[in-house]
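Asks: here is a sequence together with a model predicted from it:
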Amino acid sequence: DTAVSQTPKYLVTQMGNDKSIKCEQNLGHDTMYWYKQDSKKFLKIMFSYNNKELIINETVPNRFSPKSPDKAHLNLHINSLELGDSAVYFCASSQNFDYEQYFGPGTRLTVT
Amino acid sequence: EDKVVQSPLSLVVHEGDTVTLNCSYEVTNFRSLLWYKQEKKAPTFLFMLTSSGIEKKSGRLSSILDKKELFSILNITATQTGDSAVYLCAGSSNTGKLIFGQGTTLQVKP
């Protein structure tokens, strides 16, 4: 009964490729988020969606594009991958803005 | 610019010790302060604090927020080896944006 799930857990790819990471939550939450955790373990928000509407769009290269087909899913598509994109990407969800966020297991992306 | 600063960055204690982790924040349109525990994978939620001076407790863990001094602490009493983890503090804005600190790495030795 995973609350927030992500696929894949590991992703190894070459520079220049395009890849997607999928996220699903079965908590009935309205708000979903993407975070990036770099090699120094610093977690930084990238995007958030509330009921399929983009709310937060931080200073992220436009090679990163989130897509929310419905409020239970928030996918992250990355074009033209670069070495610096290597990180762990976490999806999270919350009931709405004022509630705690629950994190998925993370996707470790390695760009070679 | 929004920022959250945690101290100490790392801490080594022995089982049974009590530890206090610190978190200071400057977050525009601040709504709440959250604590998470991160072991090998995803951060797991510990506490969310919205009001000053009201302690939240869960077992051996407790936390309190001071909105005047823009500060929070997380206390862990009678530490166990299973408490070893990175503890993350985050300030939340009115859009739900979490601004995380750099984390405190706690190691509890037997």
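Replies: Thanks, I have it.

Asks: which bits of chain A sit near chain B?
Replies: Chain A comes close to chain B at residues A:4, A:31, A:33, A:35, A:40-45, A:48, A:50, A:55-56, A:90, A:94, A:96-106, as judged by Cβ under 8 Å from any Cβ of the partner chain. Placement of C-beta: from N, CA and C, glycine included.

Asks: neighbours of the residue lying closest to B:Leu70 once chain neighbours are set aside, how many?
Replies: Closest residue to B:Leu70 apart from its sequence neighbours, by Cβ to Cβ, 6 or more residues apart in numbering or on different chains: B:Tyr25 at 5.4 Å. Look at B:Tyr25: counted by other Cβ atoms under 10 Å in any protein chain shown, it has 22 neighbours.

Asks: on that earlier part again, may I see the ChimeraX selection of the buried members of the residues of chain A next to chain B?
Replies: Applied in ChimeraX, the following selects the buried portion of these according to 16 or more other Cβ atoms under 10 Å in any protein chain shown:
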select /A:4,31,33,35,43,45,48,50,55,56,90,94,97,99,100,101,102,103,104,105,106
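
Asks: how close does the residue in chain A positioned nearest to chain B sit to B:Ser32?
Replies: Among the residues of chain A, A:Phe97 lies nearest to chain B; the distance is 3.6 Å by Cβ to the nearest Cβ. Distance, A:Phe97 to B:Ser32, using Cβ to Cβ, to the nearest Å: 10 Å.

Asks: strands along chain A, start to end?
Replies: A:4-7, A:10-13, A:19-25, A:31-37, A:43-50, A:53-57, A:64-70, A:73-78, A:87-94, A:102-103, A:107-111 (DSSP state E).

Asks: how about those strands, which one is nearest B:Tyr87?
Replies: strand A:43-50 (12.5 Å; Cβ to Cβ).

Asks: quick one: average pLDDT of that closest one?
Replies: On average, the pLDDT along strand A:43-50 is 92.

Asks: and for stretch B:8-17?
Replies: What stretch B:8-17 shows for mean pLDDT is 97.

Asks: gap between the two ends of that stretch?
Replies: 16 Å (Cα to Cα, to the nearest Å).

Asks: quick check: buried residues in it?
Replies: By neighbour count on 16+ other Cβ under 10 Å, the buried set for stretch B:8-17 is B:11, B:13.

Asks: that stretch and chain A in contact?
Replies: No: Stretch B:8-17 is not in contact with chain A by Cβ under 8 Å from any Cβ; minimum separation 10.6 Å.

Asks: so what's the spatially most central residue of chain A scoring on pLDDT?
Replies: Nearest residue to the geometric centre of chain A (Cα atoms, centre = their mean): A:Trp34, 3.3 Å. We have a pLDDT of 96 for A:Trp34.

Asks: that one contacts A:Asn75, doesn't it?
Replies: No: judged on Cβ atoms under 8 Å, A:Trp34 makes no contact with A:Asn75 at a distance of 9.2 Å.
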